[in-house]
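> here is my input; please provide its structure:
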Amino acid sequence: CDHIFVYYNLILKQQRRLIFIYQQTKNRNEILRGQQKRDQQMFLMLLIQILVYLICIVPLMITYLYNAITIETNKSADRIAIEKFTAFIAESLLYFFCASSFYLYTMVSKLFRNELKRLLYLAFMRNKKKEYSSYSTNSK
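Numbers count the residues shown, from 1 in each chain. Take a look at the predicted model:
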């Protein structure tokens, strides 16, 4: 009779161990899935950032190359004005790239949007607490 209790006790212990191992594996898989999703979003953000950079830098490089090739050519005032205008537009595109990162990240990555919302919420709540504490100290 004692052997049966020992046997069932060992079986229950083994089942608890298997359940624990299953839960650990499940948690590990959920963590890995979350990391993979984050990595995919980061890769997509990086890929889009590189693509936008190329779109913004190529016109400037073409302008520089064109100016280097035609430096010895006699140019009319209209041609010089056109070249300066194209250089201005190409440089403006480069400045656009610097300003576009925030918008690209916000549009592409849900993870970035959630983190931004969290940070804005924390900043807003901190300001609320400061306003409330200054109001309560001033009213006394």
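> how about low-confidence regions in this protein?
For the chain, the stretches with pLDDT under 70 are 1-9, 130-140.
> let me see the domain layout of it.
By the assignment in automatic domain parsing, the chain contains the domains 2-108, 110-140.
> and those as a markdown table, adding mean neighbour count?
C-beta here means a position set from N, CA and C on the backbone, and glycine is covered the same way. Output for these, formatted as a markdown table (neighbours: other C-beta atoms under 10 Å):
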| stretch | mean neighbour count |
| --- | --- |
| domain 2-108 | 12 |
| domain 110-140 | 10 |
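> contacts for stretch 83-97?
With contact meaning C-beta atoms under 8 Å, 6 or more residues apart in numbering, stretch 83-97 is reached by Val52, Tyr53, Ile55, Cys56, Ile57, Pro59, Leu60, Ile62, Thr63, Tyr66, Asn67, Lys75.
> list the helices and strands the lengthiest helix in the chain packs on?
Counting by DSSP state H, the longest helix found in the chain is helix 2-69. On a contact count with 3 or more C-beta pairs under 8 Å, 6 or more residues apart in numbering; DSSP states H and E, helix 2-69 meets helix 77-108, helix 110-139.
> which of the ones you listed sits closest to Asn27?
helix 110-139 (20.0 Å; C-beta to C-beta).
> tell me which residues touch the closest residue to Leu116 other than its chain neighbours, please.
Distances taken as C-beta to C-beta, 6 or more residues apart in numbering put Thr106 closest to Leu116, at 6.8 Å, once the chain neighbours are dropped. Counting by C-beta under 8 Å, 6+ apart, Thr106 touches Phe112, Arg113, Leu116.
> of all the helices and strands packed on helix 2-69, which lies closest to Gln24?
Here helix 110-139 is closest among these (C-beta to C-beta), at 25.1 Å.
> quick one on the thing from earlier: could I get the helices and strands packed on helix 2-69 as CSV with distance to Asp39?
As requested, these are exported to CSV (distance: least, C-beta to C-beta, whole Å):
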stretch, distance to Asp39
helix 77-108, 14
helix 110-139, 10
